[in-house]
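Engineer: The following block contains a protein sequence and its predicted model.
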Amino acid sequence: MSMMKKKMIYSVASVHSYMLKSGELNTKLISLYANNQCFLEAERLLPSPPDIFSFTTIIYAASKFNNSHYTLHLFSRMRSFNLLPDAQLLPCAIKACASLMCLRIALQIHGHITTSGSLAEAFVQSSLFHFYLKVGMLDNARKLFDEMPDKDVKSCSALAAGYAKKADKSNARQVFCKMRESGVEPNVVSWNGMIAGFNQSGQFLEAVLMFKDMHLSGLIADGIGISSVLPSIGHFVGLSMGAQVHGYVVKIGLLTDKCVHSAFIDMYGKCHCCKEMLTIFEDLDHVDVGACNALISGLSRSGLVNEALGTFEKFQSLAVELNVVSWTSMIACCSQHGKDMEALELFREMQKAGVKPNSVTIPCLLPACGNIAALSHGKAAHCYSIRQRFWNDVYVGSALVDMYANCGRIQKARHFFNMMSEPNLVCWNALLSGYAMHGMAKEATEIFHLMQIRGVKPDSVTFTSLLSACSQSGLVNEGRLYFDSMLQSHGIEPRMEQYACMVSLLGRAGKLEEAYSLITSMPLEPDACVWGALLSSCRVHHNMNLGEIAAYKLFELEPNNPGNYILLSNIYASRGKWKEVDNVRDIMKSRGLRKNPGCSWIEFKNKVHMLLAGDQSHPQMSLILEKLDDLRVEMKRSGFAPNTHFVLQDVEEQEKEHILCGHSEKLAVVFGMLNTKAGSSLNVIKNLRICGDCHNFMKFISISEGREIYVRDTNRFHHFKDGICSCGDYW
DNA sequence: ATAGGGTTAG
């Protein structure tokens, strides 16, 4: 307790004892205690039965000091004595509700106000109006607004800004224009409210237009307006306008405001102008957290992950007080750029540093858990969300659904989804993509129909998941119907992703010609994903003609992606066309792809091997064996690590796990092992989680029962049973 | 007795 307060109590106490002696206990004394924030003492002095005046005195004081919980407590206590508050007291309670976002009590008070007729009082009306604005119940606010006898600049601007914050362009504009028409000119605060509102609701163009209109109306922007419009410029309009505003700000001398600085750094970061961003940062007099955070996110946005990490560490060593935003940005940066382990580590350090993760931190962290199937970390984040009561946040919720699905726990994802009270489209999509990833088409279509029943409008992402689920399960007719319904029933123009899904759907089902004619007739210029889908299908069905067409398209579109060359050579190999295989290899070489053929060659070798293991009576058996030996020699000669598959056959059980962890081509190894007679090999990889150095496509494997195996690549889980993948692909 | 505007993380 401060000295001041101690002294105060001391003197208040002596007055108290004097008054007790003289028997003059009254509201003045209560007021004395309450206005010095000694509420318990004040409450103790309430007469019995308490009267309305004493309560009023304490409530005023509590409200004056923004003690919202206490204000509401007194209010309910007063009501428990059947004392009715007079109108003057109502705004205090409503203000407390607003600061606590307590809707329930506010609605009760509103009811009381309506029945008691105190709504006629302008100040009661006004406080309720602002309450509804604050909690975003615009319809209620609007009703009160329309009944207001005199609508001043403040209420008009507040309502218009409220609509802007809700992205309700037409209402925002309407209220704003009406205000001007009725002769009330908006001031800088009114304009700023509109700009900030539109910016926050993602109406970037609208925010910029408002800023321009303000300028045209002859008003000069202040720091708040500038820092509200800059993010929108960064998002939407781009550099030239940003630079214009920069000049304008320099001219009017506003480059002293902290937020303006951060906003400029952020704006240049969003436009990927790292040089300008750094210049502004270096010119700062004082290192401000906001500016640091904007810098980190700017570096991250341009993919400069190491620079961002370095900057972050530098700030730490400079003892800059890094806040939640700083840590969260850094975690987001890592999990977005493949540094998943680092993200988990940062989350730990953050808590060690005493910075409390919030509801934004969790959805930044969870993708990192999902990427490397770090289920225990994901679960810990889930528990934390429950303790902090933000598991019902839609961002947290969808990230949790995603994480569980990525970790192979699709039932858990569904279970969690069912518990959410108001899942939004992103949550539904997360669940749907989880089912798609697990190849559970039946569940995916059920979810899609449930969405319709619940009135959730699907978007492009929804259809990508739905179609990819159909594609994996071979539901050709259903997939076609869904694809056609996109435009016809839902008004969504199919995009590249959906075309790629359809090509894959038709292709996997063996309808390669149909897939090809879809490609040639599509209204968009097919990209690498579309051709890639065709090439993969051609590999599955050993279709050389279309495979060549697709592959050569891909060699143009992504000449440096070794995967395409490998796919084509696999098709040739499956047909025993060894000369063509060598040709492809030569093209690779000529394009400088020799650097890392190891992985590719092992993959190729394994596929040949799979073919061999799967079909002992292959007509070209001897040729294949011969080729295999050649490759083995070639591998050794090029100095690559010992061929995992062969090594595994020769080593002791306990060494196998070690070898698996150190190699990138585990997947093929796993497959190979399933095809070998040795059942014992399965024990070695049981529950083995591979993370860290492994190849992008092979993040982890999990094994359920017996000879069934689940393998996840970047997009989906593959279910292998007795060496056969449910999706029909080879691995 | 109440009341309008800001940056950075998803």
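Structural biologist: That came in fine, so what should we check first?
Engineer: for the stretch 1-150 of chain A, which spans come out with low pLDDT?
Structural biologist: In the predicted model, the stretch 1-150 of chain A carries pLDDT under 70 at residues A:1-26, A:118-120.
Engineer: Return the residues of it in contact with DNA strand B.
Structural biologist: When proximity is defined as Cβ under 7 Å from any atom of the strand, the stretch 1-150 of chain A approaches DNA strand B at A:60, A:63, A:64, A:88, A:91, A:92, A:95, A:123, A:126, A:127, A:130. Every residue, glycine included, has its C-beta placed from N, CA and C.
Engineer: how does it look with 6 Å?
Structural biologist: Contact residues of the stretch 1-150 of chain A with respect to DNA strand B, defined by Cβ under 6 Å from any atom of the strand, are listed as A:60, A:63, A:88, A:91, A:92, A:95, A:123, A:126, A:127, A:130.
Engineer: And those residues, which is closest to residue A:468?
Structural biologist: Taking Cβ to Cβ as the measure, residue A:468 lies nearest residue A:130 of those, at 47.7 Å.
Engineer: For burial, what's the neighbour tally of the closest one?
Structural biologist: 21 (other Cβ atoms under 10 Å).
Engineer: What of the one 3 residues further on?
Structural biologist: A total of 23 residues lie near residue A:133 under the criterion other Cβ under 10 Å.
Engineer: Same check on the one 3 residues further on?
Structural biologist: By other Cβ under 10 Å, 12 other residues sit near residue A:136.
Engineer: before we move on, the earlier item: in strands, which of the residues of the stretch 1-150 of chain A next to DNA strand B fall?
Structural biologist: Assignment to strands by DSSP state E places none of those there.
Engineer: Looks like residue A:381 contacts residue A:362 (just checking).
Structural biologist: Yes: applying Cβ atoms under 8 Å as the test, residue A:381 and residue A:362 come out as touching, 5.5 Å apart.
Engineer: Now for those two: what residues contact both?
Structural biologist: Taking Cβ atoms under 8 Å, 6 or more residues apart in numbering as the contact rule, residue A:381 and residue A:362 have no neighbour in common.
Engineer: ok so, going back, most neighbours of all the residues of the stretch 1-150 of chain A next to DNA strand B, which one?
Structural biologist: residue A:92 (23 neighbours).
Engineer: right, and residue A:264 touches residue A:280 too?
Structural biologist: Yes: under the criterion of Cβ under 8 Å, residue A:264 lies in contact with residue A:280, with a separation of 5.3 Å.
Engineer: Looking at these two, which one has more neighbours?
Structural biologist: The neighbour comparison of residue A:264 against residue A:280 (other Cβ under 10 Å) goes to residue A:264, with 27 against 20.
Engineer: So in chain A, where's the weakest helix or strand by average pLDDT?
Structural biologist: Taking mean pLDDT, DSSP states H and E as the measure, the helices and strands of chain A show their lowest mean at helix A:681-685, namely a mean of 31.
Engineer: thinking again about what came up before, sort out which of the residues of the stretch 1-150 of chain A next to DNA strand B are in helices and list them.
Structural biologist: Using DSSP state H to define helices, the subset of these located there is A:60, A:63, A:91, A:92, A:95, A:123, A:126, A:127, A:130.
Engineer: Would you mark the buried spots in stretch A:261-274?
Structural biologist: Neighbour-count burial for stretch A:261-274, with 16 or more other Cβ atoms under 10 Å as criterion, is recorded at A:261-271, A:273-274.
Engineer: Format those residues as TSV; extra columns: distance to residue A:546.
Structural biologist: Formatted as TSV, the entries for these read as follows, by distance: Cβ to Cβ, whole Å:
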residue	distance to residue A:546
A:261	57
A:262	54
A:263	53
A:264	53
A:265	51
A:266	48
A:267	48
A:268	47
A:269	45
A:270	42
A:271	42
A:273	45
A:274	44
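Engineer: Go back to these and keep what's next to DNA strand B.
Structural biologist: Checked against DNA strand B using Cβ under 6 Å from any atom of the strand, these yield the following neighbours: A:262, A:263, A:266.
Engineer: what sits against the first one?
Structural biologist: This means residue A:262. With contact taken as Cβ under 8 Å, 6+ apart, residue A:262 is in contact with A:227, A:288, A:290, A:291, A:293, A:294.
Engineer: name the element it belongs to?
Structural biologist: Secondary structure assigned from DSSP states H and E places residue A:262 in helix A:258-270.
Engineer: and of the ones next to DNA strand B among the buried residues of stretch A:261-274, the nearest to DNA strand B?
Structural biologist: Ranked by distance to DNA strand B (Cβ to the nearest atom of the strand), these are led by residue A:262 at 2.9 Å.
Engineer: any idea what sits nearest that closest one, other than its immediate chain neighbours?
Structural biologist: Nearest-residue entry for residue A:262: residue A:290, 3.8 Å, with adjacent residues in sequence omitted and distances by Cβ to Cβ, 6 or more residues apart in numbering.
Engineer: what stretches of chain A score poorly on pLDDT?
Structural biologist: Within chain A, the segments meeting pLDDT under 70 span A:1-26, A:118-120, A:237, A:594-625, A:627-629, A:631-716, A:718-731.
Engineer: Sketch out the strands for it, chain order is fine.
Structural biologist: A:700-703, A:708-712, A:717-721, A:724-725.
Engineer: got a list of what the residue of the stretch 401-550 of chain A found nearest DNA strand B touches?
Structural biologist: Shortest the stretch 401-550 of chain A-to-DNA strand B distance, computed as Cβ to the nearest atom of the strand: residue-wise this is residue A:426, at 9.9 Å. For residue A:426, the set of contacting residues under the criterion of Cβ under 8 Å, 6+ apart consists of A:394, A:395, A:398.
Engineer: cutoff 7 Å now
Structural biologist: With contacts taken as Cβ atoms under 7 Å, 6 or more residues apart in numbering, residue A:426 has the following neighbours: A:394, A:398.
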